[in-house]
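Asks: I'll drop the sequence and a predicted model, then ask my questions.
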Amino acid sequence: MAQYSIPMPDPLAPSRTLIDLSHTVEHGIVTYKGLPAPIICDYLSREASRKHYAPGTEFQIGKIEMVANTGTYLDSPFHRYADGKDLSELELEKLANLPAIKVPALHRQAVDVSCFSRGSDLAGKAVLVETGWSRNWNTAQYFEGHPFLTEDAARFLADSGAALVGIDSHNIDDVEDLRRPVHSILLEREIPIVEHMTNLAALPRMDFRFFAVPVKVKGFGTFPVRAFASV
């Protein structure tokens, strides 16, 4: 079993702020048009549980039925490639406590390579693309004319050694391009993708850490995450 060392906090270091970058998963929310919304309900209600416990003691056990592409989620290589790493095989170093930068790309639909500073050190970093599209979450507009990365941008990020790429939009690819070049390029290079992020405006351009850890599921390529930043 892999072992990871966790550095002890420095009591003299300034305190850090945690910024939530995830949408809430709730009953009936549609993340991707054409895919079913989650069904969230009780498996065991508090009222029904009372007969199993001492007077005054009760529990709730919830039940959720959903597709993997729900809410803010992470794609592993297995999502695109049958022989790619699935969620259970992803290294934590690719998902947690990553040095990160934010790339503003507001008021653009096609986010091309010109949006990224050539010569910037992206190796080993999470690159979060802020489009502002999350303002349309849970509306019909969210699914139409969304911002996306271009193929040349994806190739640039892969060649620059990015550890993870995230976006606050409906899809990191142009959904009209059925080749899905951005998914194909990044996941082939084992660069996880986080889609449907939110609140990126609250982040600085650099000097923060990023976390997006899915459940460790065998045979799954995608799963919701609680994405957040430490600033």
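Replies: Now that the structure is in, tell me what you want to look at. Residues are numbered from 1 along each chain as shown.

Asks: Wasn't Ala229 part of a strand?
Replies: Yes. Judged by DSSP: H, G, I helix; E, B strand; the rest coil, Ala229 forms part of a strand.

Asks: May I ask you to confirm that it is in contact with Ala201?
Replies: No. Under the criterion of Cβ atoms under 8 Å, Ala229 makes no contact with Ala201, lying 11.9 Å away. C-beta: built from backbone N, CA, C; applies to glycine.

Asks: higher neighbour count, the two?
Replies: Set Ala229 next to Ala201 and count neighbours by other Cβ atoms under 10 Å: Ala229 wins out with 25 against 13.

Asks: so Phe228 makes contact with Arg16?
Replies: No. Using Cβ under 8 Å as the test, Phe228 is too far from Arg16 to be in contact (11.2 Å).

Asks: Would you mind giving both backbone torsions of the most centrally placed residue in the chain?
Replies: Nearest to the geometric centre of the chain sits Val194, at 2.9 Å (Cα atoms, centre = their mean). With angles defined as degrees, to the nearest 10, Val194 sits at phi -120, psi 120.

Asks: next one: Leu187
Replies: When read as degrees, to the nearest 10, the backbone of Leu187 gives phi -70, psi -30.

Asks: Please look at it and Lys85 and confirm they touch.
Replies: No. If you go by Cβ under 8 Å, Leu187 and Lys85 don't touch, sitting 9.2 Å apart.

Asks: who's in contact with Asn136?
Replies: Asn136 makes contacts with Tyr142, as judged by Cβ atoms under 8 Å, 6 or more residues apart in numbering.

Asks: What does the pLDDT read for it?
Replies: Note on Asn136: pLDDT of 98.

Asks: how about the helices in this structure?
Replies: Assigned by DSSP state H, the chain shows helices spanning 46-49, 151-159, 181-188.

Asks: okay, those helices in TSV with distance to Ile101 next?
Replies: Converted to TSV, the helices of the chain look like this (distance: least, Cβ to Cβ, whole Å):
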stretch	distance to Ile101
helix 46-49	45
helix 151-159	11
helix 181-188	16
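
Asks: Out of the ones you listed, flag the one nearest Ser134.
Replies: Proximity to Ser134, assessed across the helices of the chain by Cβ to Cβ, is greatest for helix 181-188 (18.1 Å).

Asks: If you count neighbours, what's buried in the closest one?
Replies: By neighbour count on 16 or more other Cβ atoms under 10 Å, the buried set for helix 181-188 is Pro181, Val182, His183, Ile185, Leu186, Leu187.

Asks: where exactly do the strands run in the protein?
Replies: For the chain, the strands defined by DSSP state E cover 18-20, 39-44, 61-65, 73-75, 98-104, 110-111, 126-130, 148-149, 164-167, 193-195, 208-211, 222-224, 228-230.

Asks: Any chance of a markdown table for these, columns distance to Phe156 and mean pLDDT?
Replies: Converted to a markdown table, these look like this (distance: least, Cβ to Cβ, whole Å; pLDDT from 0 to 100):
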| stretch | distance to Phe156 | mean pLDDT |
| --- | --- | --- |
| strand 18-20 | 26 | 98 |
| strand 39-44 | 40 | 98 |
| strand 61-65 | 38 | 98 |
| strand 73-75 | 19 | 98 |
| strand 98-104 | 11 | 97 |
| strand 110-111 | 11 | 98 |
| strand 126-130 | 10 | 98 |
| strand 148-149 | 10 | 98 |
| strand 164-167 | 11 | 98 |
| strand 193-195 | 15 | 98 |
| strand 208-211 | 19 | 98 |
| strand 222-224 | 24 | 98 |
| strand 228-230 | 23 | 98 |
